[in-house]
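Asks: build me a model:
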Amino acid sequence: MKEFSHEYADHWYYNPTPLQKSGGLWPIRAGRNIAKSHYKMGPRMITYFSIHFVLEGEGYFKQNNINTPIQTGDIFCLFPNQTHQYKTDSEKKLKMFWFAFDGKQAHPIVNRIGLSEYSSHVKGIVTDEIITIINELSNHLQNIGDHDDLQSISVIYKLFHHLAIRAKELNISSASTTDWLQRSKEYMNMHFAENISVTDVSEYIGLNRSHFTTSFTEKTGQTPSRYILHLKMNKALELLSEPAYTITEMALTLGYSDLYSFSRAFKNYFGVSPNQYLDEQRLPSLKNSSSD
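Replies: Sure, this is the predicted structure:
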């Protein structure tokens, strides 16, 4: 490590490769340090995310005017464009590893491990297994080259994967609570044609089926089963506008077992059968052509 006025530290800086930038997460900088007794950083801001792992020592971290004690085993996150500062306890000096990153997955990933702009510290999340991965990442980042970008991606996701597992054990994962509605909709939007059930959706987001149904209905004004049906019927109309598909192909595409169950569901929803709907759609064009 190099000696600086307030710490001993190593710093590593990166230019993300095109492959990394095309993905959801890429490294910006990383480093490790051993603080001197007067170590203090900030107040300042950065334009990316940076997670600091407290490997030894104690100190204080402040962001959004929240002053938080930090100690061995904790992590804290510097969020983009948020004023922050942190400092060491002069008797129990901080030893840290930090990893800075950005990308469209950055925000949901930090949420997954229990971090948010107003809860940017997690106590006791770092385990021996996570320290092993930190050392693996640290060793890799010191010697990274363009040809190593796949490896760096894999190690970075490995670290966040184990942090997410640990966050779930501590029951602090933001993803398991605050965004259940959005996650349930995304799941149904993706899989509505695969004959999914409300139970499938509730199990995916980790909520009791009855509680999920009640909460979803209160939030959206319709039941989850009605939401799935709505997605299927909208897709049915889209498919009916394409003359290349038969009604049987549409039925099977939308997850129905046969033509008759699809036709029955379609008629219950729209008041007419798929064939009647097609006839009604053809009628105006026939009238227009006869008037010409």
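Asks: can you give me the helices in this structure?
Replies: Taking DSSP state H, the helices of the chain run over residues 18-22, 106-112, 128-141, 149-169, 180-191, 198-205, 209-220, 224-240, 247-253, 259-270, 274-291.
Asks: low pLDDT regions in the stretch 1-150 of the chain?
Replies: 144-147 (pLDDT under 70).
Asks: sorry, back to before: pick out the shakiest of the helices of the chain, pLDDT-wise.
Replies: Note on these: helix 274-291 shows the lowest mean pLDDT, a mean of 64.
Asks: which residues touch residue 30?
Replies: 11-12, 14, 97-100, 137-138, 141 (Cβ atoms under 8 Å, 6 or more residues apart in numbering). C-beta coordinates here come from the backbone N, C-alpha and C atoms, glycine included.
Asks: whoops, I mixed them up, residue 224
Replies: 184, 188, 198, 201-202, 212-213, 216-217.
Asks: 7 Å instead, please
Replies: Contacts for residue 224 (Cβ atoms under 7 Å, 6 or more residues apart in numbering) come out as 198, 201, 213, 216.
Asks: okay, those residues in TSV with distance to residue 26 and neighbour count next?
Replies: Formatted as TSV, the contacts of residue 224 follow (distance: Cβ to Cβ, whole Å; neighbours: other Cβ atoms under 10 Å):
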residue	distance to residue 26	neighbour count
198	38	19
201	32	25
213	39	18
216	35	26
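Asks: how about whichever strand in the chain runs longest as PDB, C-alpha atoms only?
Replies: Taking DSSP state E as the criterion, the chain has its longest strand at strand 26-35. C-alpha atoms of strand 26-35 as PDB (Å, rounded to 0.1, in the frame of the first residue of the first chain):
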ATOM      1  CA  TRP A  26     -19.600  -2.300 -14.700                       C
ATOM      2  CA  PRO A  27     -16.700  -1.300 -12.400                       C
ATOM      3  CA  ILE A  28     -15.400   2.200 -12.100                       C
ATOM      4  CA  ARG A  29     -12.900   2.100  -9.300                       C
ATOM      5  CA  ALA A  30     -11.900  -0.100  -6.300                       C
ATOM      6  CA  GLY A  31      -9.400   0.100  -3.500                       C
ATOM      7  CA  ARG A  32      -8.400  -0.900   0.100                       C
ATOM      8  CA  ASN A  33      -7.000   1.100   2.900                       C
ATOM      9  CA  ILE A  34      -5.800   1.200   6.500                       C
ATOM     10  CA  ALA A  35      -6.800   4.500   8.100                       C
END
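Asks: before we move on, back to that, which one of the helices of the chain lies nearest to residue 53?
Replies: Residue 53 sits nearest to helix 128-141 of all these, at 6.1 Å, using Cβ to Cβ.
Asks: which elements pack onto the closest one?
Replies: In terms of contacts (3 or more Cβ pairs under 7 Å, 6 or more residues apart in numbering; DSSP states H and E), helix 128-141 is packed against strand 26-35, helix 149-169.
Asks: and of the ones you listed, who's closest to residue 230?
Replies: Using Cβ to Cβ, those put helix 149-169 closest to residue 230, at 31.9 Å.
Asks: buried ones in the closest one, by neighbour count?
Replies: Within helix 149-169, the residues that count as buried by 16 or more other Cβ atoms under 10 Å are 149, 152-153, 155-156, 159-160, 162-164, 166-168.
Asks: relative to residue 94, how far out is the one residue sitting closest to the centre of the chain?
Replies: The centroid of the chain falls nearest to residue 108 when counting by Cα atoms, centre = their mean (3.4 Å). Separation of residue 108 from residue 94 (Cβ to Cβ, to the nearest Å): 28 Å.
Asks: number of nearby residues for residue 211?
Replies: If you count neighbours by other Cβ atoms under 10 Å, residue 211 ends up with 10.
Asks: roughly how far does it sit from residue 235?
Replies: 28 Å.
Asks: got it, and residue 115?
Replies: According to Cβ to Cβ, residue 115 stands 37 Å off from residue 235.
Asks: tell me which of the two has more neighbours.
Replies: Of the pair residue 115 and residue 235, residue 115 is the one with more neighbours under other Cβ under 10 Å, namely 26 against 16.
Asks: that one reaches residue 76, doesn't it?
Replies: No - counting by Cβ atoms under 7 Å, residue 115 sits too far from residue 76 to count as a contact (8.2 Å).
Asks: number of nearby residues for residue 72?
Replies: Neighbours of residue 72 under the rule other Cβ under 10 Å: 15.
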